[in-house]
Each structure stands twice: as structure tokens, then as C-alpha cells.
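**Student:** Sequence unavailable; structure follows:
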């Protein structure tokens, strides 16, 4: 977790304070359930809640752990310091450390998901606004980095919207994957604890009981979760790359917002670099790198080994913090992106009319020429534009073979931009609803 | 794609013959839609269907491609050889190659998904059968590879069932991700082709129209698809690893089925090696390795670049073929796994009674000892078992501090196996339904 | 392995015929060594060489394997069909299958390395030629995709040369990593075979004896090998991306060679797409995806498990074949790249003189202005160029604060291109030698 | 970077204090070189060294950066606060931020490499000691997790030694890869700064001048560096997995050292879990996950983009800190590993004599039986041991077909353990030298 690429809201989810707070809630709810079952005295369960408003002392717990070399025991010892060791003696009864640790991890991942969903909503809102704003801003579409046919800037935003909306739906599914809890004991048999405890704790924490756990909650869930974050990060990179391309000196169809006081480079004061989207490209790699370790974590020996734990200590916070930051950085970039419609037009016309060649080709075919002949005619005029800077329409109008097939008015009509934008509303309706 | 790790059903989906057949259907359905719109003559659309039963000549198409250096043009040229070049001249009108290629890829992935789902169903059926068969077969649960508390072999199968069932649900979602088609032209604007064509083609091919495409269908869909296969493969590795552990000489609680004539090793005739599950471990790595490239494919320049294509030519077939094979290999292993319940019991009793220490610890706490005292008492007796091979129950019964807290009958009761299996039915109901 | 992305020379290394040929040589050389030690009769060793010129019948061996379910036994059975089963009975004595399989894999990887080195040499030669050809072709250097200061096209080629030369040195090291053989028996103790056999076989096959093996040659060697290929592939992507950028419609400083008959797109005849370098971008991903599985292969249980095998069956051929193809494709692209020096100049001058701002900034500082003041002066003139299309030099000459510090001649001098290219020879000497 | 998995020595390399200290040295040395060239006044260069013993105020620099939004400018501003802004005005002249940042990163990676090499040396020393200590401790070798033939514990340590020694050699090579510096200006042309400055700075920092840089040092170097760390981590996982297997309850041939006061589990006091080696398994995944992003970083647009930067901010510290910690944890585990030779013998004899079957097979062949017949004889006796718990030697002595070929003494001799260990000294000499 790199401070400059983090937001405090997400960092807080992964703080020791938050962790101990969740541990406390699990233990306290478990005591309630145990008391309801008659396994432990009601007063002991109630006593635990005395620590309800305690801010647990992380340094003190670390101190105890240095002796016990066991984090949960250290916490329980510290909890007893608040509740009274006699009153606290039924805390954690029948449970195993992993019941607490795994359920806590999932609570943290659920909360992280909620923040990420909010981040995605901000990105979606920005994309939607900019899409509508530039719905009809004509721009050349490019395949292979080469001019193809006209499209609109609004369609570009709209497809990023659709992609992020899919990402959001995937994240909702991923959140459900890890919204489970388990209080099932040392190997998951509930030998020492009734399933009713798990049910109660999960209910209070807004989780689903894990249908079958071992000592741990199965890690295919987490693998799916991190894989989903990796896909979302890849979509962020996709959008970031588009903007980086738009800001290239030769293209310059858009720029990241550049505040008046900001220095772009120590050496070249005129430069405005797309550093935010370049940064997003790197952040996407960081999010994605958690995917394979999360998948390697799925295989655990028998009822559990602890190989997954160090991986999760790193990727749990790092990946969610980085993605959260990236989403908000992306939203900011999109919200404030400075767009240059005139440059878009100028770029489109760089090779005078050439981007209309496909239409002319079709028209010639429809006028009865064979595909091969039409191709040859278009190609020969196109090459003059390409190589000699000629104007495509002018060339066509001067080509006897072409005018034998198409009237001047018909040729003229092929250069109408409205032809290319006529279905934009249809597509917008598909993406944003009617 | 390695022949020895492939099944013909899945290989067939990726054959050139299948590909050209799907291309044909897309083109023919598109002609129908174009004719319905009045864009092309009805008779030309009908004429295309003359090629309905043609087995396209792959060698001939390759020959044409060697000249045109363009696969779709080569196919269309060949199609015209069947339909008649005059009749065929409206085929592909307004479309771009990617309309055909991307829609075809998705049809193939959908069909691959269906085969994979069938493979998962076979695995699920096998796991369910074996789970019920060994529901009550007691076995030691292990955490960290170390004996913990008893569980049952049926629970092991049941948790693998639950994990694969989650995988199946994920695959259903992944299938929906890539079950889209696009006929939207060179940059996705429908400039040269009406959206109605896309709708018709998709309907006929059982796909959803891609709400907004560029020249290509967005690759976040495919990234999600391959990521999902990677998670399923990781679950396969998880199961395979369990079986490999069970078959270790020192554990020997199960063995892969070993046909009488099979030679295990050229040098050591007595050996029966878990080669199938070891192989599955490797195959899981192969499936997983497609995940990152599939995510790297998400970023395409502007309305498309073709960097994704070579990746998909490899991982499309290789990953689905490998996973399909792995699922069936796994199903076979589970179906025929030779299980040794007596060894399970013998292993559990290796450290005479020690696995019951947790119960004794709890009992002592409930009898009023502090957690620390109870821990100390259990630990001191446990260490005698561990180091001197003593019998745990005997030691406890001879420990005055213990018997001061627990009666002999109470101690005795702690060694009852039924205690550990009492919730197996509850868990089975959660996993398999009532 | 995808036929369209493969060259027959590399494919041949991985054919069954080549594999069986290497198996034969290992077995025959091993017999010689055993005979020299007096372990087996000399005549039996000599008899094996009768099969020296046999082209082994792959179908027949497969047929036998279908029965024995063991590939090495199948081969030995078939070998006996040629040599005579009585004469052949000492073949493979004291050896284990892996002695043959692992040594063979390494022979194949060594041969693959030699082909890859040849491919790299072709790339290096092409880069060197083009570097010298365009040593002085001035071109704008870009950071963040934004114009920075002038450089030359020759420097671009030179740095790719230096990068590929590093890659070549790494590959030489990686080749040495896997140029080992092992004939050490079932668990690597030489219990049944004298180390002299290993020495002889390795010597004849130009390998180093593995200092300590188990049943297998340790897989950290192969992990390092594939990791190295992954780095080389990443360098290919780096070069490919540069060319893709240069070919963008708006940049157009270079183009992949486009043969007169080639059709770029079925729909847009004017388009010349950088499809080869886009393809190289994808191929790089394919090579890179073998890195993690190769690293996962390092961990084997005890003296070996066979999880690595399926991975290597795939990545051994696939990765070397793909990289080999990519290197030759890249070499071809570089050799024939069409370069447009005039466009380079035109692009550089897009923002009239602005790229010289850094020099002016320095000059102002050296003339005694504070860094902050100099920055402010440069920035204010630069912004007029940027926003109003002014000419930078003209603006500077008209700015009283600037001319108070610098004379017109001094300002003029700052726009001399030779200033930027004065160290090109020095750099070339560093890269290519004096 | 996770505090519990880090050592302060490595963490310190990545502190802001260290970073600013290196920045200072680069700037100060560069001033010296500039003064020697006569570019800046000598006294200004000397003045910079006034800050030689300054501990730079990180908070103050952050404060300035909050305004300038540029880290190097912030540092230079702060440096001027110490040196005097007039004296400091030639600092950084002709340089670009990346000259400082990239050279600094490499200095940090070199220092990190030195710590890692020290860590590897500790691991190597531990492995060597334990190897010699257990050179003759006989233990069953296992392939596929199944007993194969005897080997020794010393050979296991020796092969890990050889593997780590290869890792060390790779790390030395990787260190050389990134031990370069660059002071070459905005696009690497030395337009504004003489190459002599780079040479001087590199010499003072013990680096090699990068032969050809752009704005940045090429990232294939760093990719190779992190790939190498990934291979070393995989070797750590390999060793860790061996130990985890040895500690399994059923195997118990070794245990991680367990200090008397340590609690293994809150619930099962008798358990001694191999948590350190399980942890190492996870840490290996964390190190390995940096490999792909480091390779993705190789491709930068033109003379640089900044996508690599965020990746390196994370993986630079995280990967080196984690690997450093892992090496020392591994060394500690090996140094103190508790080894049980008696259990090794007991395990080997689990299937009474069966592990000698290979020798008997060979003896039968040498006695003139066909391979097939020998195999059949051995197999039939082996199966009685396997299935009925018979003693292999006894069975052989009672098998008339066997005794027809081998005398009782010959059979007896096949069960001599010395046969398997006779080449241990030879192998040790290969690994550790004569």
C-alpha cells in the first residue's frame, strides 16, 4: 500500500483498530448465541459487551503477542483486561482462531467492495455525463491506430460506461462470493460449537453462513474476488490508454485537466503530460498482479494450511486500496477531461476525405460493379490522396470510371457525416436505457 | 493443445471446419436480414443458403488466403465458388471482418462453455456419490498437515462438491458474459448496416446483441471468461492435491485406480503413483496461465487493434481443451478412487488419543479452570503422548489435577467419535439440499 | 503452437521423430559407457548402434504405448524390434525413465536456444543496419507521448539494439542453465549406475552433468530459462509498440512494408495497418504467460512429482516456437520498415519551436536569472505558442524581459538542431563499439 | 510491505531519508563534474557539499511538493534552503528528474541485492552445515510421494544448496543488470549535459554508465532483476514444501524448531505446525507476483512514459523486503530444523523391503531373465508385500523362480543400504568441491 495511491476511507478498513473491532463483534455475538443455547451463562455474554465502546489498544495487544506468539490469544487476553478475566472466560469457547480471522477478512472485503462500488458509481456517473455532453461530437474512429470511419466522442464514453457497468455487476457478484462467515471449529465439523452460533454471528454481521468450511473458508471465493478486481483494473487501463492516446502531441483531442500552478516537468515548461492516466496504467498492473497468487491460494493441504495468509495480508489491503484509489483518480480525470472537438475534426480531415472510402466502395458495388472492380477503383483514387495529398472527393469526381457508375450528387452524399451518426441514439438507448 | 490432454468433442469446436461453418451461418443469416430490410434482393439471400450443406474446403480457402492475405475475403471468395459469384455479391455487405470473427469466437466459447458445464456436472455427480458413500467414514482432519480433530471422508467430498458447484455457477455467469454477437461495422456505428441485422443474426445464433461494440466486441468479457476458467482450474488443483496427499506412502488413505496391467514405473514395479492427479496439478497451471494475457487483451487502441488476436488463437482452444480434459480426468479419478477407511482409522490413532485434546481443554475450562490452567494441564499430558508414545486418555486419568476437575466417565466421553460427526447431516443438508 | 505463428525449423525440434532420435542416442551412448565399465557386454552396446540410421516409427511406438501405458518402455520395446530383443536386453539398464526424458528435454531446449540466438542475431543485424542508416535522421523525442526534445531515429534503433543485445547475453546464460544432463537413477543416487555413464552421455551430447539431481533435473533451471524468454518477449513488445505508434495516422513517421498486392482491410482499401507489430504485441503475451507456470514447476514433492510434465509439454514447444517466430517477424519488420524522415521533421515543428524551450530555460538561468524567473518567462511565451499557434522564437525575440537577458543571436542559436545530435557518435560508439 | 515480514536493514534502503540522501549525492557529484568541465562555477559545486551531513526533512519536502506537485523540484527547493538559493542555482543543471530518480532506484536495487546476497549466504551456510551433518542419514527417496529407493538427508540438503547456489549466481548477474546509472537529459541525447557528468556520478556511486538511455534507464533490466527474484522465491518454496512434507504427522521426519513457550494453536495444544515454511510458501507467491508487472513495464511509449513508476514504487520495496525476510526465515528454519533419523528409518521400512525391488529386478535381468520375466517375478512378490504386509526378502527367498536365478546370498545382498549411499561422497564433491 503506497500512501500516495491510497484514500483514507479504504485504508481505515484495513487498520488494526478496525480488525480488532470486528474480532470483538464476532466474539461478542458468538457469546450471545452461546448464551441463548445455554452453553455459557447469560451474564458472561452480557459482560463482554462492556467492551463495546472500547478503542482497543493495538500497542498493548502487540506486546502480548510478542509473548504468546499468537494474535488471537493476545487479543483475547487484552479483551479480558477490559471485561474482567473471570467474566471473559467463556469468550471464544469452541471456536478456533480461523473462525475469527476468516470471518473478519470477509467483513473487510465486503466493506472494501462497498467502497469500490461507490468508486465505480462515481466513474459511471462521470462517463455518462461526458457521453451525453459529447454524444454528437464527431471524431474519427480508428482501428490499428489508423483512421477508419467517423464515430463520436460520446460513443467512446458510452462504451467505457457499458464496460464499467459490466465491471460493477461483476463486483456485485464478487462481493456476494466473499460475503460469508464461518464459526465451525477446528476442522469445520461444529464438534465444539453449535451451527446456531455461526448463524447468529453471520446474521448480525450481514453475512451468509459458509455452507461447508474446514478450518477456513474456502479460498476459491477469494480467488474469484481478486480475479474480478483484476478485470476491472484492466478496464481502467483500457480507458486510461484511450486518454493517453488522445493527449499525444500529434493527436491532441483531449487533455487531462492541468491546474494553472502545476509544473509539468522541471525541464520543459510547455509540456502537459497525461501523468494521471499513465499512472492508472501502472496501477492496473498492481491490481492485476494479485490474481495469480489468489488463485495459487486455492489449494490448501487437507483442512487448511497457512500459506494463503501472508499473501492475503498483502493483497487484501494493497489491491483494494489501489483499485479504490484508481477508480477515484479515473473519475476525476474523466470529470475534468478537457476535450477539443475542433482538433477531432481537423484530425479526421488529415487525409482529405479518405475515411469515406468504404462508403464509396459500397456505393460502387450497389451500382453494379463487381467487388473486385469497385475495390480497384477506390484503391486507385485513395492512393493518390495518401501519396500526393489529393482530395478524395475531387479525385472521384474526376475519375471517369467512377462517374460512369455514380452521379456527382451520389458521390457528394457519401461525404455526409450524418450518415455515420444516424444510429447514435439507438446505441445510447441500449447503453443508458430509453 | 496437446493431443494427449484433449477430448475430440472440444477439439472439434476449434476446427477450421467448425469455424467456416459458423462464418457461413453468420453471413447467410445477415443476408436474410438485409433482404428483409430491402437492402439486398431476396433471391440473393436465398441463394446463399445453397451452400447450407457444403463442407467447406479448408485447403482451398487456405490457398486463396495465401494470395489475398486476408482470411475472411478468402472464405467469401470460396463461398462464391459454391453460390455463384453473381449471386454472392451481396454477401458480407456493410459488414467488417470482425463482425464475423468476433461473433464466431463467441459462438465457439459458448459451445465450449456447454461442454465444460457437462464436464463439471460429471465431476459434481462423482463427488456427490462418493460423499454420500463415505458420509460417515471417519478420518482425521488436518491443519498444517498435522492431525487436528476427526472429520469424515464424506465431508471432504462434500466440500469439493460445494466448491465445484460454485465453479459451475461462475461458469454459467461467464458463459453469459461471452454470449454476445456484434454486426456493427467498421467502428461500431452501424453506418453501413442496420442494427436489425445484428439482432437477427444474434437471435438465430442464440446470442445477445452486444449493446455497444467498436470494430470488436469488448475484451473485458473474455478476460472475465478466462479468469473464471482459472478459478475452476485452481479448484481442480485443490482436489488433486488432496488426493495426492492421501496416496502418499505414509498416509495411503486412498489411491487412484490402478488397472491390473498398468506399469507404474520402468524401474520400481511395486509403485502406484498418483500420476493422474499430479497431471491435473500441471494442467491447472496451464489453464491459469491464460488469465493474465486475457486481461492484457482488454486494452485495445481506440476502436481496436489486433494484438488480442494471436493470444486468443492460442488460449481459446488451448485453455478450453485443457480444462475440458482436466474435468473429465478428475471425474474419472473421483469415480474410481480406491478408498481405505481402515487406514484412515489407523492414521487417526497414530498418536494415541491426542486428537481429542481440544475437547479435554474445553471440558476443563467448563469445569471451572482458567483457560491458562486448562491449557497447561492438557499440554503436559499431550507432550507425554507426543514424546513418549503414551496413551492420552490413560495419562489424563492418571493426572490428579485433571481428575480433580473431570470424572473418569467425563474423560472417557471425550474420546467418543460420534461427538465429531454429530453435525454431518446438517452440513450435508446445507450442501446437497434436504 | 499455432501453425501460422511457427517456423518449421523450430517445430522440428519438438517432433516425436526428434525426440525418439535423442532418446536413442542417450540409450546408445549409455550402453557404450556401461560396456566400457564392464557392466554390460561390448557386443550388446555395439548392437544398439545398428539402429543408428533407423527412422523410428512413431505410430508403432504409440501403438505399444497404448498397451504399456508407459512411453519409455514403449520406445525400448520398439528399439528391441530393430536391434533384436536379446541384444537389446541391457539397454536402459540402471537408468530410470526420467534420465532419458529430462536429458532429452534439455537437449531440445539447447537446440531451441541456438535457433533463438540465430533469430536474435538477425534482429540485431537489422537494428544495427537501420540505426546507422538513420543515425542522423532527426526526430522529436517524446516523453509521456508529448514532444520533448529532438533525438534521432538512429538512436531509437540503437537503443533497441542495445536492449536486444542484452537479451542475447541473457539467452546465452539461460542456455547454459539448461545445458545439463542427468543419468543418475531413480532418486539420483547413482545406486544402479555409475556416474561415469552420465559423464559419457553428457559429453557426447554436449551437456554438463547435473551436479546433483534427484529423479529429475531441478526445475529452477527451466524457470530461469522461461523467465529469460519472457524478458526477451517483453523487449519485442517494446519495439513493436514503438513502430505501432510511428504508424498511427497522425504520426506516420514509419510504416510496416506493404506489398503492392496486399489488401489491408475488406472494407477500407486505403488502410495500411501495422498488423505485424500488433501481432508481435500479442505474441509477447503468449511467451510471457509461460513464466509463472515455469516458476510454479520448481516446487516438486521430494525426489520428484510429475506435475511439471504437462506444463512442459505445452510451454516447451509453444514458447520457443512462438518466440522464434516473433524474432523473425520482428527482424523482417525492421529490415523493411518504411521510414519517413520528412514527416519526422514536420511533426517536430508542429508547435513551432516549442521543443526548444528547455534550452532557452537553461540559457536564461545561465544568464543570471533565478530558476523561478526563467521558468516564468519561458512558460509565458510557450503558452502563446501552445494556445495561439505563435512561433516560439518570434515570441522570445519580442519579449523584452527575455531579450534583456539574451541577445537575438543567442536566442537564434538555441534553435540549432545540431546541438541535440552532437553526442550521437559517442552513444553509437558505446553501443556498437568504436 | 508488511511489517511482520520485513527486516529493518532492507526497509531502511527504501525510506524517504535514504532516497533523499542518494538524490543529494547524485546532484552533488553532478555539480562537481559540471564544475570540472567549467560549466558551472567551482564554488557553487563546493557549496552543495555543505549539505553533506544534513538529514533532509521529509515532512518539509512533502510540504513543498504539495505546492509544486513535483517531487524533485520540491527536493531541490529544500536543498536550496540548506545551501542558499543563490549558491544552489546550478544544481540539477542540464539534468532531468529521471536522471536522478532512475539512478537512485538502481542504487537502491544494488544495495538491496547486496542484502539479498548476504541472506542467500546465510541460507547456503545453513544448508551446507546440515548437509554434512546428515550426509549419511539414510532416508527413503520418494517420487510421486511414493517410496522409491533410499537416499540420504544430506543429499536433500546438498541439492537445496546447489539450487540456492545457482540462485546466488543468478542474483549476482541480476545485480549487474541494474547497476547502471544515467545522467543523459530529457530524451537521452546529452544535449544539455556532457556525458562526462554521467561517468563521474556513476563512478562515485559504483555504477556503470547506461550505454544508451532515453529519459529513463531501459526497463528490460528491471524485468530481468525481478524475474530472477521470482526464481529464487520459487526455490525457497521448493525447500519449504519439502520441510512441510517432512513435518506431516504421518511422516514426521523433521520439525521446525518449537520454542518451549510457544503456543501452536489456541485449540489444540499438542500441535506443532510448520507455520514458518507454510508462511514461506505464501511469501514466495508474493515475490513471484512482481514478475509479470515488471515485464509489462518494459514497454514504454517512445522515450518514456510513467506507467512503470507506480509499479516500481510498490514492487521495488515490497519484493526485496519480502524476499530478504524470507531468506532469513528460511535460514533460521534450516539452522534449527529438528531432524528425526529414526523416523526416517522406520518410514523406509514401512513396506518391508519393497523399496529394494528395483535392485532385485536388475539382478534378475543380469542373471539372464528377460526384462518382461524379471518384471513379472518382482511384481508378483511385491504385490504380496503391498497387499498382505509380507516381508519382501522372505517372499523372494521362497519363490522358486527367483531362487532359480539368484542365490540366497545374492538376494540378501540386494537389501544392503550401503549400495545406495556409495556415491554420496562423489556427489558432495561435485556440490561442495573436493
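**Tutor:** Perfect, thanks for sending it. As the structure is a prediction and not an experimental result, all values here were calculated from the model.
**Student:** CA atoms for contacts and neighbours, from now on please.
**Tutor:** Fine.
**Student:** Any figure for the gap between the residue nearest the centre of chain A and residue D:315?
**Tutor:** Nearest to the geometric centre of chain A sits residue A:232, at 3.4 Å (Cα atoms, centre = their mean). Applying Cα to Cα, to the nearest Å, the value for residue A:232 to residue D:315 is 21 Å.
**Student:** and what of residue A:41?
**Tutor:** Counting by Cα to Cα - residue A:41 and residue D:315 are separated by 51 Å.
**Student:** Looking at those two, which is more packed in?
**Tutor:** Higher neighbour count among residue A:41 and residue D:315: residue D:315, with 23 against 16, using other Cα atoms under 10 Å in any protein chain shown.
**Student:** Name the helix or strand for that one, please.
**Tutor:** helix D:307-336 (DSSP states H and E).
**Student:** Tell me if that helix is near chain B.
**Tutor:** No. Helix D:307-336 stays clear of chain B (Cα under 8 Å from any Cα of the partner chain), getting no nearer than 14.0 Å.
**Student:** list the buried ones in that helix?
**Tutor:** For helix D:307-336, the neighbour count (16 or more other Cα atoms under 10 Å in any protein chain shown) marks D:307-312, D:314-335 as buried.
**Student:** now for the longest helix anywhere in chain A, which elements pack on it?
**Tutor:** Determined from DSSP state H, the single longest helix within chain A is helix A:97-133. Here helix A:97-133 touches helix A:8-13, helix A:16-36, helix A:153-178, strand A:180-181, helix A:307-336, going by 3 or more Cα pairs under 8 Å, 6 or more residues apart in numbering or on different chains; DSSP states H and E.
**Student:** which one of those lies closest to residue D:301?
**Tutor:** Closest approach to residue D:301 among these is made by helix A:307-336 (20.3 Å; Cα to Cα).
**Student:** So which elements touch whatever helix or strand comes next after the closest one?
**Tutor:** The helix or strand immediately downstream of helix A:307-336 is strand A:338-339, counting by DSSP H and E. Judged by 3+ Cα pairs under 8 Å, 6+ apart, strand A:338-339 is in contact with strand A:254-255.
**Student:** can you give me the offset of the strand it packs on from its chain's centre?
**Tutor:** On the basis of Cα atoms, centre = their mean, to the nearest Å, strand A:254-255 sits 23 Å off its chain's mean C-alpha point.
**Student:** and it, anywhere near chain B?
**Tutor:** No. Using Cα under 8 Å from any Cα, no contact is recorded between strand A:254-255 and chain B, whose separation bottoms out at 13.5 Å.
**Student:** partners of that strand in the sheet?
**Tutor:** strand A:338-339 (antiparallel) (DSSP bridges).
**Student:** contact partners of the partner strand?
**Tutor:** A:253-257 (Cα atoms under 8 Å, 6 or more residues apart in numbering or on different chains).
**Student:** Do me a favour and average the pLDDT over it.
**Tutor:** Strand A:338-339 shows a mean pLDDT of 96.
**Student:** Just after it, pick out the following helix or strand.
**Tutor:** That would be, after strand A:338-339 and using DSSP H and E, helix A:341-348.
**Student:** Just the buried residues of that next one, please?
**Tutor:** Those would be A:341, A:344-345, A:347-348, for helix A:341-348 by 16+ other Cα under 10 Å.
**Student:** next one: stretch A:31-49
**Tutor:** A:31-35, A:39-42, A:44-49.
**Student:** Which of the three states applies to residue A:190?
**Tutor:** Applying DSSP: H, G, I helix; E, B strand; the rest coil to residue A:190 yields a three-state assignment of coil.
**Student:** what about it, distance to chain D?
**Tutor:** Taking Cα to the nearest Cα, to the nearest Å as the measure, residue A:190 and chain D are separated by 13 Å.
**Student:** And that residue, how far from chain C?
**Tutor:** Counting by Cα to the nearest Cα, the gap from residue A:190 to chain C is 33 Å.
**Student:** Count the neighbours of that residue for me.
**Tutor:** Residue A:190 has 28 nearby residues by other Cα under 10 Å.
**Student:** what sits against it?
**Tutor:** Contacts for residue A:190 (Cα under 8 Å, 6+ apart) come out as A:183-184, B:420, B:423.
**Student:** Farthest-apart pair in the residues you listed, please.
**Tutor:** A:183 and B:420 (15.0 Å).
**Student:** quick one: which of the two has more around it?
**Tutor:** It is residue A:183, of residue A:183 and residue B:420, that has more neighbours when counted by other Cα under 10 Å, with 36 against 22.
**Student:** Quick check: closest non-adjacent residue to residue A:50.
**Tutor:** The shortest distance from residue A:50 to any residue other than its chain neighbours is 6.4 Å, reached at residue A:83 (Cα to Cα, 6 or more residues apart in numbering or on different chains).
**Student:** Over to residue A:319?
**Tutor:** residue A:287 (5.2 Å).
**Student:** My understanding was that the one you found contacts residue A:236; is that so?
**Tutor:** No. Under the criterion of Cα atoms under 8 Å, residue A:287 is not in contact with residue A:236, lying 10.5 Å apart.
**Student:** For residue A:222, what is the enclosing helix or strand?
**Tutor:** Counting by DSSP H and E, residue A:222 is found in helix A:220-247.
**Student:** Tell me the helices and strands packed up against that helix.
**Tutor:** Going by 3+ Cα pairs under 8 Å, 6+ apart, helix A:220-247 lies up against helix A:153-178, strand A:254-255, helix A:275-288, helix A:291-296, helix A:307-336, helix B:220-247, helix B:291-296.
**Student:** what angle do that helix and helix B:220-247 make?
**Tutor:** 150 degrees (axes from the mean of the first three to the mean of the last three Cα atoms, to 10 degrees).
**Student:** residues from the stretch 251-400 of chain A in reach of chain B?
**Tutor:** A:288, A:292, A:295-296, A:298-306, A:359, A:362, A:370-371.
**Student:** Of the residues you listed, which ones also sit close to chain D?
**Tutor:** Near chain D, by the rule Cα under 8 Å from any Cα, you find A:292, A:296, A:305-306 out of those.
**Student:** picking that back up, from the buried residues of helix A:341-348, which single one is nearest chain D?
**Tutor:** residue A:347 (20.9 Å; Cα to the nearest Cα).
**Student:** just for the stretch 201-350 of chain A, where's the confidence low?
**Tutor:** A:260-270 (pLDDT under 70).
**Student:** where's stretch A:103-120 relative to the chain centroid, distance-wise?
**Tutor:** 13 Å.
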